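Student: quick one, what's the 3D model for this:
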Amino acid sequence: VQTASTHRVLTGGLASAVTAITMLRGVILSVGVLVALDLCVGASSAAVRSADGLDLVAVVSGQSVSASADIEDLVTRESTPTNQGCGQPWGASVTDRVGWLKCAVTLGNDVCAGTAVGPPHSTNDHLPCGGRQLTNGALGRLVVSNGTDTERAMALLLKAGGAGSTFNGQAFPAIWYTYREALNATSRKWILAKINETAQEYHVNATGNPNVAAAGDVGTDVSYNNMYYMNMVNGILFGEIADDAIATAMGYRLLSNWLAYAATAGIHEFLSPTYYWVQINALYMGYLYARRSGARAVFQAILDHTWADVCASYFAPAQVVSGPHSRDYDFLFGHGALQTHMYAQGLEGMTPPICEWNDTHCERADDEQNVFALLNLLHPDGYVLPPAVRALTALQTRTISAGFLGQRATANGNEARFAQRYTYVVKDAFAVGSASQDYITNTHMKYFAGPQDKLVDLEWGVPNMSMLRPVPALTVVPDYLDAPYGHLHEPTTDKPSHLALHPGVVQHREALLVTTAINTQDTLDGFVLNNSGGVSGDVWRSVSTSVILPAVAATAWVKRASDGAIRTVSFGDRIPFAEAIAVGDTVGLAAGRTAVVIRVLVVDGVRGHPTPAVVLKGDHGGLALGAVRLVGYHSPAGQQYVPAPSSDTHLRFAFLLWVTEVGAAGAEAAVRQMLAEAAELEVNSTISTDSVWSLGVGGVPVVGEGPVALAVDRDLGCSGGGDRNQTKHTSWNCLRSRRINGSEIRVAAGLQVNGVAVFPLPSPGVLV
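Tutor: Coordinates of the predicted model:
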């Protein structure tokens, strides 16, 4: 625990410290609380034997280990939030959106200045501030003060030293257009000089490639939405302010190139709780300040399209965007700074964003980038949600579908014919969604699979849910630490990370057939992992795939495939437990208005482990965060695993997920009825002589439609060769077919809600 004078981890009965490792955040305590903590680099690790008999990871600073009594004190302190940002206890009312945003922007600046303390593990918990924090902070000083706090604003700009084509430069056009008259001549001259310097970057770094941005981030792929948007918008705005025809033309050309790509891909970096925030920030700046005739209308249309995606996917009980997420730093709850924009635009049920209890990545509380939401809200010409876009949140039932690839096959082997994202929402009851290809940031160059994508997501219709103590979503996490909750941060990136999912998913409304495959040879984006088997300190705790479930359900019912008997598993007391599950068994549970059954279909073991275990369990770390899990252990639980070349490249995990709304008969009755029906469904699983695995489930009941058949084909030999790379260092082209009722699924271009295209994007070339 980081205190005023020391770093230490409080544990009881620790074994002696062993292998030296580097870990920046996260520790599992032996008493069972998973706490996100800042730890000193170069700590030493020790194995802790938990109550359920599995080794957990702990990190010790090398100093003395405190007694168990201290742990209870830690638990009490961690359980009592004292600073969650400007929602509680800072005091902004739910309806005073301007007041809350001013508080959040001021808090960010004050934390950077050392005059305030922000929420634990928020964006500004790594001081000193620099770069974007300073330039956006300068804009924040001006917006909050209505242009009077010029001295402190300029001090921040001078400390930053300049602008730039992405994050650091975003504030400059807003300062120039909105507040330059409040500045003195010297300040105006300095700002204009920095704008001119950045405009020049669009000359020397021009690539001539329609698929990549120029400017400061040379080689930014058109699919990398948030970074590309900032290059694009800053090129337009800096060029227009500097009267630089080359930079201006480059900016508008980037806009046209993106529209051409998006005509088939839509938004590739889709539904990210963090990066839709960054995307919207950039789009707001283009909407407010682009000067070319027709530019405002184009940015309006892109914003309408983006917000239509948000509003259609919005699930009010959890205050989140439901469905699959391309990049999500909050594995359990899907919170992110997009919620700042959702609150600022007044979506139904949105309250001031605050950090979760024990939050490990809380950018929404005090990040200076929130100034763009405040500026847009206060600006007389700011973007306001059109009523027709907002109305999408009110649809009682809605199916949202879109593609997310703009070429037939990417440089990484992803195929557009499978790249579908799909979400089914029953208002306030549940929202369930999936995607059927890995999310990879760059599609026009060899790159890595993303270690923060969330490709299966179910939001529970639990009433009176709070941001402070939310209910975990049902998600699927392939993991190497036996801690799939996102609270152990990968040390190089200081972000939560998981293995690549390699999904093959078929979804029709409330029914999903989910297939995944871990390849232990993968190298992921930013990972320090022993993919070659032998890097010191990169030990895998296990190889597992977990389905995260909410502990608030308190009870699960398990129907055995062997004899049809149903046993009850209770975990309302939050005491760690482990219940063995067999392949073919069906697990059911309910929370609030949502009932779910999961029928386990296939689990593969690693080499030398032909009978992998499946366990319904609650461990210390998960229970402390309100989560239990259904986990398939591809390798023996509690035993270290070291990948070997050419081994364990397609470890399957497959299950049927079926969701329904709890009716008048109650939760247990709904679950037992679903268990009875799910257990009787016909399952066909075959492997052809050329190693193509076909998995099908027939007769899944869908409300209002009757029985539905779902099927997936995967090539089990694909990871050993072929001409496409689906991750940077392995060959993947595994998905062969996805079918509903025998017909191949066709991925439609554009965003569709209930089968109708909504708020289409403008045609490319309209401004060039």
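Student: please name the nearest non-neighbouring residue to the spatially most central residue of the chain.
Tutor: Nearest to the geometric centre of the chain sits Asp328, at 1.0 Å (Cα atoms, centre = their mean). Among residues not flanking Asp328 along the chain, Lys454 sits closest, at 4.4 Å (Cβ to Cβ, 6 or more residues apart in numbering). (Each C-beta comes from the backbone N, C-alpha and C, glycine too.)
Student: could you check the pLDDT of the one you found?
Tutor: Looking at Lys454, its pLDDT is 97.
Student: low-confidence bits of this protein, can you list those?
Tutor: When residues are selected by pLDDT under 70, those of the chain lie in 1-85, 87-93, 120-126, 205-210, 212-219, 491-492, 526-539, 645, 719-733.
Student: follow-up on the earlier one: quick one, what contacts the residue nearest to the centre of the chain?
Tutor: By Cβ atoms under 8 Å, 6 or more residues apart in numbering, the contact list for Asp328 reads Ser272, Pro273, Thr274, Gly334, Gly336, Gln452, Asp453, Lys454.
Student: ok, 6 Å please
Tutor: Going by Cβ atoms under 6 Å, 6 or more residues apart in numbering, Asp328 touches Pro273, Gly334, Gln452, Lys454.
Student: likewise for Arg291?
Tutor: Glu240.
Student: what's the separation between it and Ala644?
Tutor: As judged by Cβ to Cβ, to the nearest Å, Arg291 and Ala644 stand 59 Å apart.
Student: do the same with Leu481
Tutor: 19 Å.
Student: list phi and psi for the residue located most distally from the centre of the chain.
Tutor: Most distant residue from the mean C-alpha position of the chain: Ala185, 44.3 Å away (Cα atoms, centre = their mean). Dihedral angles phi and psi of Ala185 (degrees, to the nearest 10) take the values phi -60, psi -40.
Student: going forward, count from 38.
Tutor: OK, 38 is where the count begins now, so the last one is Ala222.
Student: so who does the closest residue in space to His398 that isn't next to it in sequence touch?
Tutor: Excluding its sequence neighbours, the residue lying closest to His398 (Cβ to Cβ, 6+ apart) is Tyr366, at 4.3 Å. If you count contacts by Cβ under 6 Å, 6+ apart, Tyr366 has them with Thr311, His398, Gln489, Lys532, Pro533.
Student: against His398, how distant is the fourth one?
Tutor: Between Lys532 and His398 the distance is 7 Å, computed by Cβ to Cβ.
Student: neighbour count winner among those two?
Tutor: Between Lys532 and His398, counting by other Cβ atoms under 10 Å, His398 is the more crowded of the two (28 against 19).
Student: can you tell me the SS state at Val668?
Tutor: What DSSP: H, G, I helix; E, B strand; the rest coil gives for Val668 is strand.
Student: which residues sit in contact with it?
Tutor: For Val668, the contact set (Cβ under 6 Å, 6+ apart) comprises Ser581, Ser583, Val652.
Student: Gly609 too?
Tutor: Ala591.
Student: what are the phi and psi values for it?
Tutor: Per degrees, to the nearest 10, the backbone of Gly609 is at phi -70, psi -20.
Student: relative to Val665, how far out is it?
Tutor: Gly609 is 11 Å from Val665, by Cβ to Cβ.
Student: likewise Ala510?
Tutor: 13 Å.
Student: now Ser579
Tutor: 17 Å.
Student: okay, the two: which has more neighbours?
Tutor: It is Val665, of Ser579 and Val665, that has more neighbours when counted by other Cβ under 10 Å, with 29 against 22.
Student: quick one: secondary structure of the more buried one?
Tutor: Applying three-state DSSP: Val665 is strand.
Student: that one reaches Leu586, doesn't it?
Tutor: Yes: under the criterion of Cβ atoms under 6 Å, Val665 makes contact with Leu586 at 5.0 Å.
Student: tell me which stretches of the stretch 388-537 of the chain form helices.
Tutor: 408-415, 424-427 (DSSP state H, counting those that start in this stretch).
Student: dump those to a markdown table, plus mean neighbour count.
Tutor: Formatted as a markdown table, those follow (neighbours: other Cβ atoms under 10 Å):
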| stretch | mean neighbour count |
| --- | --- |
| helix 408-415 | 24 |
| helix 424-427 | 15 |
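Student: switch those helices over to TSV; also include distance to Gly272.
Tutor: Shown next, in TSV, are the helices of the stretch 388-537 of the chain (distance: least, Cβ to Cβ, whole Å):
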stretch	distance to Gly272
helix 408-415	18
helix 424-427	27
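Student: who wins for proximity to Pro744 among those helices?
Tutor: helix 424-427 (35.6 Å; Cβ to Cβ).
Student: what packs against the closest one?
Tutor: helix 332-350 (3 or more Cβ pairs under 6 Å, 6 or more residues apart in numbering; DSSP states H and E).
Student: who does the helix it packs on touch, helix- and strand-wise?
Tutor: Short answer (3+ Cβ pairs under 6 Å, 6+ apart): helix 332-350 packs on helix 312-326, helix 424-427, strand 434-440.
Student: burial-wise, tell me which of those comes out on top.
Tutor: Mean neighbour count (mean count of other Cβ atoms under 10 Å) peaks for helix 312-326 among those, with a mean of 25.
Student: C-terminal to the helix or strand harbouring Ile232, what's the next element?
Tutor: Secondary structure assignment for Ile232, by DSSP states H and E: helix 222-241. Next helix or strand after helix 222-241 toward the C-terminus (DSSP H and E): helix 262-279.
Student: for that following helix, packing partners?
Tutor: So helix 262-279, by 3+ Cβ pairs under 6 Å, 6+ apart, packs with helix 222-241, helix 282-302, helix 312-326.
Student: the second one: which residues count as buried?
Tutor: Same thing as helix 282-302. 284-302 (16 or more other Cβ atoms under 10 Å).
Student: again, but for the first one
Tutor: Along helix 222-241, these residues count as buried under the neighbour rule (16+ other Cβ under 10 Å): Ser224, Arg225, Trp227, Ile228, Lys231, Ile232, Asn233, Thr235, Ala236, Gln237, Glu238, Tyr239.
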